[in-house]
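Q: the following block contains a protein sequence and its predicted model.
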Amino acid sequence: MAELEALENVNQAIKAEGATLVAISPQLVKYSRLTAKKHNLTFDALSDVGNKVARQFGLVFVLPDDLRQVYRELGSDLERYNGDDSWTLPMPGSFIVDQNSMIRDAEADPDYTIRPDPEHILNVLKGMRLH
């Protein structure tokens, strides 16, 4: 969960730029709350149960069988956490949306191991001059 900690580390700076950080996850609400509590997160996490929103943006992928086994061995039971047996996840990404609902920056990579850089998010916000 290093990516959550990295986001938490820039959350105050994001707020100082006049923006709000929100995470979106396919996890059921109860598990998102547990994750937020465990990692002392101060930003909101929304649940996209069934990856409905991520699917509309074309960001969903199905985990292959070999990765499913790895997840199981690591104790990450997606069926339980996400409330379905689809073994689907959204691509990790970041989207910066301005006050007029315009997407000002978007970043997503089909390689789930490549995560958006929180410093990039902050730099884009600084360039937008929201406040």
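A: Here it is on my side, so go on. Residues are numbered from 1 along each chain as shown.

Q: E17 contacts N123, doesn't it?
A: No - shown here, E17 and N123 do not form a contact pair, counting by C-beta atoms under 8 Å, at 10.0 Å. C-beta here means a position set from N, CA and C on the backbone, and glycine is covered the same way.

Q: for those two, indicate the residue with more neighbours.
A: When neighbours are counted by other C-beta atoms under 10 Å, E17 and N123 differ, and E17 comes out ahead with 19 against 13.

Q: look up phi and psi at the residue lying closest to that one once chain neighbours are set aside.
A: The shortest distance from E17 to any residue that is not its chain neighbour, by C-beta to C-beta, 6 or more residues apart in numbering, is 4.1 Å, and that residue is L125. Recorded main-chain torsions at L125 are phi -60, psi -40, according to degrees, to the nearest 10.

Q: count of neighbours near L125?
A: Residues contacting L125 under the criterion other C-beta under 10 Å number 24.

Q: cool, L41 as well?
A: Residues contacting L41 under the criterion other C-beta under 10 Å number 20.

Q: let me see the contact set for it.
A: Residues in contact with L41, defined by C-beta atoms under 8 Å, 6 or more residues apart in numbering, are 4, 7-8, 23, 35.

Q: would TSV of those residues with pLDDT, distance to R129 and secondary structure be doable?
A: Putting those into TSV (pLDDT from 0 to 100; distance: C-beta to C-beta, whole Å; DSSP: H, G, I helix; E, B strand; the rest coil) gives the following:
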residue	pLDDT	distance to R129	secondary structure
L4	85	28	helix
L7	92	22	helix
E8	93	24	helix
A23	93	24	strand
T35	90	33	helix
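
Q: which of the residues you listed sits closest to Q69?
A: Set against Q69, the nearest of the contacts of L41 by C-beta to C-beta is T35 (22.7 Å).
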